[in-house]
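[1] Here is the input, now give the coordinates:
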Amino acid sequence: MIRRAELLIAPWDAVPADPEETARCLARSLKAPQFELRATGSGHTVLFAYEGQADAAVTSDGGDWSITEGHWPEPVGLRLSVSSEPADPSWTIEIDHYGLRPLYFGLDRRRQPVVSTRPEMVAALIGSRLSAQALAEQLLVGYNLENHCAFEDVFRLRPQMRLSYEQWRGFRVTPTQSEATSRRDAEQAPATSEQWIEAITPTITEAFDAGYALELSGGVDSRLVLAIGLHAGVKPRLAFTLGSDHDEDVQIAQLICDRYEIDHLMLPVEIDPTRIAADAYDFVMRSGFAANACGYAWLPAAFEQLSSRRTAQIGGGGGECASGFYYGPADFLGASRALDQLWVRARLFKSGVEMTEMFGRTRGRLLSADVTNTALRILREKHSTWREASDAFYLTQRVPNAGGPVLCASACWYEPLQPLLHQPHIEWTRSLTPSQRAHRRTQMSLIHQLDAALGEIRYSGGRAYARTSAAKLRQRVCRFSSAARKIRRRLADHRAAPDQGADLSADALVQNESVREAIRDLSERPELNVRREHVERMLATPSLYEHELGVLLSTAWAQQTAQAIARQLHSLTSEAPLRCAA
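    Purely as a prediction, here's the structure:
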């Protein structure tokens, strides 16, 4: 079984050195202990680096062969097919249906494709530099938009697209499905909640029976997974919650576990200054440098605390695809082309990010405008209402570009399962109307139908399953007031509360001199023009700038890693030097 795999496809002469030695060097860079090196017949070399047994991953049929990587969350996360037909050798590569398995590509100076699961590998081989647009997206939105990544001219493969190379037609990026096939799949999607629940119930029950731990919070999504299992007559042996005993999520999860006699483990956020920099780099690197270094630095240590209690876990990731994640009182702004930029500021952008302080007045405003225009272009694509547009934005942008890299990085420590990100549930969510999505009422109703006692337990954030008109009115008033306060803070550029553990991680990370120097080095990058004075201000007060510092550190590490790979490859040959990342 393949536990973790990385892939690289490059022209065979991209690095004029011994192929086996080059493969060992690249496999070390990918942090994978084993590898296979194969030729495509079309002038490219494939490096497949992995942990586990590759027998099930690489299959041959005559001169043709293929790689199928079993990877969360779909049965197949990556598919590479190679044809050695002498008349027209070719290869084709696809990822999972929703783009959760990141794959990056770029063209070298000869317009030959370089493809990898690692963006820094592509950047090193094509000589790419950092992208100011991508940095601005991470700062303002929290993740990259469309097919952007940390490097210029390195692109992420979008969902339902494939890469292919044919000897006579060259390199192409094409849809995996025709419009007719997409329409047929939409028509065959689960039309009712009963259908998708029936489809994923075996996955949940088998996981609980196999001893998967449940990541349980006080929210809706993990409770829905539990409700499906309880309705089928099974429950997890262990549930755990991140936080301390005074956190609402922990208290509610404990209530649920006491009610259903499930062993519950509270996992507080603990910071070890001696290892946090190494842990942060390891997680960020495995996410393709898409994860925020401060936001996730503490997770590897938490994973290790859990390692003696579980090797696999199940959660409610993807449940918010059925919610109106971006809904709020300011939605009327999106319907007006004159005011839709205000909606982006109010609902999409992170509050308190000082772009003009970071880049200077003119460049900061230009970068903010570029990100705003990119977001609006995506939101305006073929949707009848603004809320439908924001629902599609969540599924096509936030899920693959924020959730996918983080969960794929987490898979290096344990076996994850997120059944609400499987196709039956996702396709059902596409059929929900905005009124069905709003305030999580559809999911809360499903939980109550599946297990009434579980549905009666309160939710975090003051939510509860409301049956009477008076209760529904009270909840509506509370939700409106909360959303209005959030929008007012964002428009006034008031900073939001930090993510769990992010401020503590930022304080610990900046004590590391190599971290400080890595962040300072970004101010020397001419393509970014980050202001040194603002960098020093953030380093002096890290708990106030944990989001920005995390973005800058992830970006700096991406650059350093690409340069290190380029140097390693260059050291293998005495011929013309490989063009290093600028």
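
[2] Look up the closest residue to Leu504, ignoring the ones flanking it.
    Ile271 (4.9 Å; Cβ to Cβ, 6 or more residues apart in numbering). Where you see a C-beta, it was placed from the backbone N, CA and C, and this is true even at glycine.

[3] and the one you found, how many neighbours does it have?
    16 (other Cβ atoms under 10 Å).

[4] A helix includes it, no?
    No: with DSSP: H, G, I helix; E, B strand; the rest coil as the criterion, Ile271 is assigned coil and is not in a helix.

[5] And the strands in the stretch 201-350 of the chain?
    With strands called from DSSP state E, counting those that start in this stretch, the stretch 201-350 of the chain shows them at 213-215, 238-242, 263-267, 312-314.

[6] Name the stretch among these that sits most buried.
    Sort these by mean neighbour count, taking mean count of other Cβ atoms under 10 Å, and strand 213-215 sits at the top with a mean of 25.

[7] quick one, longest helix in this structure?
    helix 546-571 (DSSP state H).

[8] Would you mark the buried spots in that one?
    Going by neighbour count (16 or more other Cβ atoms under 10 Å), the buried part of helix 546-571 is 546-563, 565-566, 568-570.

[9] could I get the strands of the stretch 201-350 of the chain as JSON lines with distance to Ser83 and mean pLDDT?
    As requested, the strands of the stretch 201-350 of the chain are arranged in JSON lines below (distance: least, Cβ to Cβ, whole Å; pLDDT from 0 to 100):
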{"stretch": "strand 213-215", "distance to Ser83": "42", "mean pLDDT": "96"}
{"stretch": "strand 238-242", "distance to Ser83": "47", "mean pLDDT": "95"}
{"stretch": "strand 263-267", "distance to Ser83": "48", "mean pLDDT": "95"}
{"stretch": "strand 312-314", "distance to Ser83": "36", "mean pLDDT": "93"}
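
[10] in this protein, which ranges drop under the pLDDT threshold?
    In the predicted model of the chain, residues 1-3, 14-17, 19, 52-65, 68-76, 178-191, 465-498, 573-582 satisfy pLDDT under 70.

[11] Just give the number of residues close to Arg79.
    Neighbours around Arg79, by other Cβ under 10 Å: 16.

[12] Tell me if I am right that it is in a helix.
    No: under three-state DSSP, Arg79 falls outside any helix and is assigned strand.

[13] Can you classify the residue nearest to it when sequence neighbours are not counted by secondary structure?
    With sequence-adjacent residues excluded and distances taken as Cβ to Cβ, 6+ apart, Arg79 is closest to Glu94, at 4.8 Å. Classification of Glu94 using three-state DSSP returns strand.

[14] close enough to count as contact, Glu94 and Arg158?
    No: using Cβ atoms under 8 Å, Glu94 is not in contact with Arg158; the gap is 11.5 Å.

[15] between these two, who's got more neighbours?
    With neighbours defined as other Cβ under 10 Å, Glu94 and Arg158 compare such that Glu94 has more, 20 against 16.

[16] so what's that one up against?
    Counting by Cβ atoms under 8 Å, 6 or more residues apart in numbering, Glu94 makes contact with Leu78, Arg79, Arg162, Leu163, Thr176.

[17] could you flag which of the residues you listed are buried?
    Using 16+ other Cβ under 10 Å as the burial test, the contacts of Glu94 include Leu78, Arg79, Arg162, Leu163 as buried.

[18] Which member of those is positioned nearest Val220?
    Val220 has its nearest neighbour among the buried ones among the contacts of Glu94 in Leu78, at 31.1 Å by Cβ to Cβ.

[19] so how far is Tyr104 from that closest one?
    12 Å (Cβ to Cβ, to the nearest Å).

[20] any common contacting residues for those two?
    With Cβ under 8 Å, 6+ apart, Leu78 and Tyr104 have common neighbours Thr117.

[21] which residues does His44 bridge with?
    With DSSP bridges as the criterion, His44 is bridged to Pro11.

[22] okay, now the domains of this protein?
    For the chain, the structural domains run 2-182+559-571, 190-325+386-465, going by automatic domain parsing.

[23] Out of these, the one nearest Arg516 is which?
    Arg516 lies closest to domain 190-325+386-465 among the domains of the chain, at 10.4 Å (Cβ to Cβ).

[24] so what does the helix or strand harbouring Ala23 touch, helix or strand wise?
    Assigned by DSSP states H and E, Ala23 belongs to helix 19-29. If contacts are counted by 3 or more Cβ pairs under 8 Å, 6 or more residues apart in numbering; DSSP states H and E, helix 19-29 sits against strand 34-39, strand 44-52, helix 546-571.

[25] Need the ones you listed in a markdown table (columns: distance to Cys25).
    What follows is the helices and strands packed on helix 19-29, written out as a markdown table (distance: least, Cβ to Cβ, whole Å):
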| stretch | distance to Cys25 |
| --- | --- |
| strand 34-39 | 10 |
| strand 44-52 | 10 |
| helix 546-571 | 5 |
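
[26] Please name whichever of the ones you listed is nearest to Leu417.
    Of the helices and strands packed on helix 19-29, nearest to Leu417 by Cβ to Cβ is strand 44-52, at 17.4 Å.

[27] just the helices in the stretch 1-150 of the chain please.
    19-29, 119-126, 132-140 (DSSP state H, counting those that start in this stretch).

[28] again but with the stretch 401-550 of the chain, I slipped
    Secondary structure of the stretch 401-550 of the chain (DSSP H, counting those that start in this stretch): helices at 404-410, 423-429, 434-437, 441-450, 452-456, 469-491, 502-509, 513-522, 532-540, 546-571.

[29] got those helices as CSV, with distance to Glu36 columns?
    Shown next, in CSV, are those (distance: least, Cβ to Cβ, whole Å):
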stretch, distance to Glu36
helix 404-410, 21
helix 423-429, 30
helix 434-437, 45
helix 441-450, 43
helix 452-456, 47
helix 469-491, 49
helix 502-509, 37
helix 513-522, 33
helix 532-540, 43
helix 546-571, 19
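
[30] To Met358, which of those lies closest?
    So among these, helix 532-540 is nearest, using Cβ to Cβ, at 5.4 Å.

[31] Check what contacts the closest one and list those residues.
    354, 357-358, 510, 516, 519-520, 522-523, 544-545, 548-549, 552.

[32] okay, it in PDB with CA atoms only?
    Output in PDB follows, covering the C-alpha atoms of helix 532-540 (Å, rounded to 0.1, in the frame of the first residue of the first chain):
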ATOM      1  CA  ARG A 532      11.800  46.200   5.600                       C
ATOM      2  CA  GLU A 533      10.400  48.600   8.200                       C
ATOM      3  CA  HIS A 534       7.100  46.800   8.300                       C
ATOM      4  CA  VAL A 535       8.800  43.400   8.500                       C
ATOM      5  CA  GLU A 536      10.700  44.600  11.600                       C
ATOM      6  CA  ARG A 537       7.500  45.900  13.100                       C
ATOM      7  CA  MET A 538       5.800  42.500  12.700                       C
ATOM      8  CA  LEU A 539       8.800  40.700  14.100                       C
ATOM      9  CA  ALA A 540       8.800  42.900  17.200                       C
END
